[in-house]
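Asker: Sequence isn't available, so here's the structure alone:
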């Protein structure tokens, strides 16, 4: 079942329109390949493809837990974590485009 999903995802990847238009990587470049590598169990390759995937997954998990607990500070906590995620994405994008 998982193999079928992986094969389907590999056959239906979206092209990066930003990269096609401007010739440089966007902050989300590598996300699809990273998810596929994660599904295959290749954690290190997943991190190398898109380092912000794990922080984004952690953000989603924290959001769900805080939502279920009805935390009054959910907005502030998630905003701070998302700011960290965005920082990781921007640094990764700059690194990919410079080197």
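Answerer: Yep, it's here. Note that this is a predicted model, so its numbers are computed, not measured. Residues are numbered from 1 along each chain as shown.
Asker: what about the most far-flung residue of the chain relative to its centre, which SS state?
Answerer: Within the chain, the residue lying farthest from the chain centre (CA atoms, centre = their mean) is residue 72, at 26.6 Å. What DSSP: H, G, I helix; E, B strand; the rest coil gives for residue 72 is coil.
Asker: before we move on, what about residue 93?
Answerer: Residue 93 ends up helix, using three-state DSSP.
Asker: list the buried ones in the helix or strand that residue 90 is a member of?
Answerer: Secondary structure assignment for residue 90, by DSSP states H and E: helix 74-98. Across helix 74-98, burial judged by 16 or more other CB atoms under 10 Å covers 78, 81, 85, 88, 89, 92, 93. In short, each C-beta sits where N, CA and C put it, glycine included.
Asker: residues near the nearest residue to the second one once chain neighbours are set aside, how many?
Answerer: In this case it means residue 81. In space, and not counting its chain neighbours, residue 81 is closest to residue 59: 4.7 Å by CB to CB, 6 or more residues apart in numbering. Counted with other CB atoms under 10 Å, residues neighbouring residue 59 total 18.
Asker: Now do residue 59 against residue 76, distance only.
Answerer: Separation of residue 59 from residue 76 (CB to CB, to the nearest Å): 13 Å.
Asker: Equivalent analysis for residue 99, please.
Answerer: Taken as CB to CB, the span from residue 99 to residue 76 is 35 Å.
Asker: Report the mean per-residue pLDDT for stretch 26-43.
Answerer: In this model, stretch 26-43 has an average pLDDT of 94.
Asker: Straight-line length of it, end to end?
Answerer: Using CA to CA, to the nearest Å, the end-to-end distance of stretch 26-43 comes to 22 Å.
Asker: now do stretch 22-35
Answerer: With CA to CA, one end of stretch 22-35 sits 24 Å from the other.
Asker: Show me which residues of that stretch are buried.
Answerer: Buried, per 16+ other CB under 10 Å, within stretch 22-35: 25, 26, 27, 29, 30, 31, 32, 33, 34, 35.
Asker: Which of those fall within helices?
Answerer: Cross-referencing these against helices under DSSP state H gives 31, 32, 33, 34, 35.
Asker: Count the residues that sit near residue 60.
Answerer: Close neighbours of residue 60, defined as other CB under 10 Å, add up to 12.
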